[in-house]
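> 3D, please:
(one chain, ligands or ions: 1)
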Amino acid sequence: RLWHQPLKHREWNGTGSTAHFQDIFLGRCYIYTQLVQPEFRPYHMQHTFETKLLIFTSHVLSLRDRDCKKIEEAFRNAFISKDPCEVTEEDYHPLMELASQTVPCDKTVFWSRTKELAHQYTWVRQEMFTLENTLLGYVADGLTWCGDSGSSEMNYQSCPDWRKDCKNNSVTVFWKVLSKMFAENACGMVQVVLNGSLSNAFSKDSTFGGVEVHNLHPEKVHTLQAWVMHDIGKSPSDSCSGSSIMDLKSIMSKRNIKFTCQDNYR
Ligand code: NGD
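A predicted model of the protein is given here:
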């Protein structure tokens with residue numbers, strides 16, 4: 001490459017890394033680990049985001065001592081200077097070790113195609129946790145990131161699209177590893193919020209159906225409780241008695257985990 005040629009990133013079909021990625025990542029990490037502490041309970045701002053986080057963190061290990069700069073560095077090292085279609089699960093292992101967190105038993109909530117509803121639920125039931133209520137899920141939620149094999153910069157122009165370009169991209173692999181660890185750490189009764197307004201509320205191809213379900217440990221998790229919710233005003237397309245839920249039920253019975261299901265829990 002001639003010296004005067006500007007560095008050109010490879011072009012992909014997906015949107016590029018989120019602008020100000022590093023600042024957002026660090027800012028979110030500091031909010032989660034520093035701003036929100038059990039002994040600091042500002043009741044006057046009960047409905048703010050920080051208060052919600054405060055209640056989450058008061059139920060888990062204190063995260064105050066976590067070094068956000070180190071976490072950010074481990075995150076970058078997983079994908080920077082690499083082909084964004086050849087990121088491996090191992091690439092994220094150092095990050096997972098650095099930022100591991102445990103959720104109390106009976107408090108884990110999974111979701112599939114019900115992101116908003118599941119988060120509205122854990123917002124109200126303050127002691128319940130989705131993946132996005134844990135540190136790494138919280139810092140990465142809604143962001144896009146990828147690197148490039150020829151550069152130590154992030155690619156802000158474009159990133160691989162998981163359908164059109166590749167499945168093993170920096171974002172997809174991250175969520176896969178994190179979801180797997182979240183499920184492995186779950187214990188007691190776990191919950192999942194599923195979408196009954198779709199023809200298949202349960203899908204084996206989703207992260208829930210393909211990763212989380214298979215990484216629950218039967219010696220720790222005794223029951224999976226499903227809630228099949230459908231949009232108000234629409235007639236349901238799937239329910240607890242539908243064939244997709246029967247598939248889930250049979251997977252759980254083979255895995256020796258009790259399964260219960262409820263339609264449109266209030
Ligand atoms: O293969 C993929 C893919 N599949 C779905 N999505 C994907 N993104 C990729 N890059 N590659 C996107 O993930 C999809 O557009 C949604 O924005 C999001 C969740 O997909 P959805 O609604 O189909 O549900 P899943 O069962 O696949 O995943 C939700 C469960 C939930 O229990 C979380 O603990 O898996 C965890 N999770 C996985 C992936 C992403 C969370 C996220 C997240 N916060 O973005």
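> In stretch 100-109, which of the residues would be classed as buried?
Going by neighbour count (16 or more other Cβ atoms under 10 Å), the buried part of stretch 100-109 is Q101, V103, D106, K107, T108, V109. Quick note: C-beta positions are derived from backbone N, CA and C, even for glycine.
> out of those, who's nearest V87?
Nearest to V87, judged by Cβ to Cβ, of those is Q101 at 22.2 Å.
> which ones are touching the residue lying closest to the closest one once chain neighbours are set aside?
Distances taken as Cβ to Cβ, 6 or more residues apart in numbering place T134 nearest to Q101, at 5.1 Å, with adjacent residues excluded. Counting by Cβ atoms under 8 Å, 6 or more residues apart in numbering, T134 makes contact with Q101, V103, F182.
> can you tell me how far the residue nearest to the second one when sequence neighbours are not counted sits from Y121?
Spelled out, it's V103. With Cβ to Cβ, 6+ apart as the criterion, V103 has its nearest non-adjacent residue at 4.6 Å, and that residue is F129. F129 is 11 Å from Y121, where distance means Cβ to Cβ, to the nearest Å.
> Between the two, tell me which one has more neighbours.
The neighbour count for F129 versus Y121, taken as other Cβ atoms under 10 Å, is higher for F129 (23 against 19).
> Please look at the more buried one and F110 and confirm they touch.
No - distance between F129 and F110: 10.3 Å, which falls outside the contact criterion (Cβ atoms under 8 Å).
> Now A183: which helix or strand?
Element membership for A183, per DSSP states H and E: helix 170-184.
> roughly how far is the helix or strand following that helix from the heart of the chain?
For helix 170-184, the following helix or strand on the C-terminal side (DSSP H and E) is strand 188-195. Distance of strand 188-195 from its chain centroid, counting by Cα atoms, centre = their mean, to the nearest Å, is 15 Å.
> Now distance to the ligand too, for the buried residues of stretch 100-109, in TSV please.
TSV is the format used below for the buried residues of stretch 100-109 (distance: Cβ to the nearest ligand atom, whole Å):
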residue	distance to the ligand
Q101	13
V103	11
D106	16
K107	13
T108	9
V109	8
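> Identify the contacts common to F129 and Y121.
In contact with both F129 and Y121: V109, using Cβ under 8 Å, 6+ apart.
> Could you tell me the average pLDDT over the host helix or strand of W123, please?
Using DSSP H and E, W123 falls within helix 115-124. Looking at helix 115-124 alone, the average pLDDT works out to 89.
> Strand 188-195 and that one, what's the angle between them?
Orientation of helix 115-124 against strand 188-195 (axes from the mean of the first three to the mean of the last three Cα atoms, to 10 degrees) gives an angle of 140 degrees.
> Contact residues of this structure facing the ligand?
Proximity of the chain to the ligand (Cβ under 6 Å from any ligand atom) is limited to residues 110-113, 115, 131-132, 137, 141, 162, 171-172, 175, 179, 182, 206-208, 212.
> out of those residues, which are buried?
Those of the residues of the chain next to the ligand that meet the buried threshold are 110-113, 131-132, 137, 162, 171-172, 175, 179, 182, 206-208, 212, by 16+ other Cβ under 10 Å.
> Return the subset of those lying in strands.
F110, W111, S112 (DSSP state E).
> ok, now which ones touch the second one?
In this case it means W111. Contacts of W111 (Cβ under 8 Å, 6+ apart): L117, A118, T130, V192, V193, L194, F208.
> neighbour-wise, which of those residues leads?
Counting neighbours by other Cβ under 10 Å, L194 leads the contacts of W111 with 31 neighbours.
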